[in-house]
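# A predicted structure for the sequence below; I have some questions about it.
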Amino acid sequence: MSSHRDYYLEHFTNPRADLVDELIARVHDYHIIRVIGPPASGKTTLMKLMVNKLLEMNGPTKSIHVLTGWDKQEVCGAPGWARYLGQKTGVHGEEWLSNPAYLLLDEAQQTYWDSGLWASFFKSAGPGWSVFIVLFMSYGSPGEGLEGFESELYSSVPMHFGPDQEIFLRLEKSISDLYLAQKPVGLLLD
């Protein structure tokens, strides 16, 4: 979705304004961040809240692209991550680093298999480039009956993220306040 329309959210949805503002601040600082949480922890709702806030801030002046998942068969049929991203967003993957737009990817753990995407695009994104990337990722099993979720395909992150680039939707006790450059944020901390 290249978005210049907001997402409808139920009236009872908590706007989590502080958390959304912090996510936007961090993606502006680092150009790529990831939001991590167990299934059904509110990542998709948080993504929608973020899109709505970005639209409120930027209007139609900055493109916002939202993708859900990263289907291996579709990507390979494109062929490759750069063309697939071009088909989905209208901007070829190799042009994305200099594209002054937002790319929000829900179910981003589905990209782990695509080493080209990670090596050529995600690892290159950072200060000095125009793009802003937010990866919303699950970990753990969403429940019984969904075999393969914890397979190697979705289990290892292909790059290192700094502590301020990772937002856990639960309190992460292993991260000391002294280690963080910015305040800790997360679903349970808002």
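It's in.
# what separates the residue minimising distance to the centre of the chain from residue 111, distance-wise?
Computing the C-alpha centroid of the chain and ranking residues by Cα atoms, centre = their mean puts residue 135 first, at 1.7 Å. The gap separating residue 135 from residue 111 is 8 Å, by Cβ to Cβ, to the nearest Å. Glycine gets a C-beta too; all of them are placed from N, C-alpha and C.
# Just the buried positions in the helix or strand harbouring residue 21, please.
Using DSSP states H and E, residue 21 sits in helix 17-30. By 16 or more other Cβ atoms under 10 Å, the buried positions in helix 17-30 come out as 19, 20, 22, 23, 24, 26, 27, 30.
# who touches both of residue 135 and residue 111?
residue 105 (Cβ atoms under 8 Å, 6 or more residues apart in numbering).
# For this protein, just list every one of the strands.
Taking DSSP state E as the criterion, the chain carries its strands at 2-3, 32-37, 64-68, 102-106, 132-138, 166-168.
# Return the member of those strands having the minimum mean pLDDT.
Set side by side, these give their lowest mean pLDDT on strand 2-3, at a mean of 50.
# Going by neighbour count, list what's buried in stretch 85-101.
85, 86, 88, 89, 91, 93, 96, 97, 99, 101.
# And stretch 121-136, by the same measure?
Those would be 121, 122, 125, 129, 131, 132, 133, 134, 135, 136, for stretch 121-136 by 16+ other Cβ under 10 Å.
# which residues are in contact with that stretch?
By Cβ under 8 Å, 6+ apart, the list of residues contacting stretch 121-136 reads 23, 27-35, 43-44, 46-47, 50, 81-82, 85, 93, 96-108, 111, 158-159.
# Now do the helices in this structure.
With DSSP state H, the ranges of helices along the chain come out as 17-30, 43-58, 72-77, 81-89, 115-117.
# For residue 163, which of the ones you listed is the nearest?
Within those, the stretch nearest residue 163 is helix 17-30; the backing value is 10.9 Å (Cβ to Cβ).
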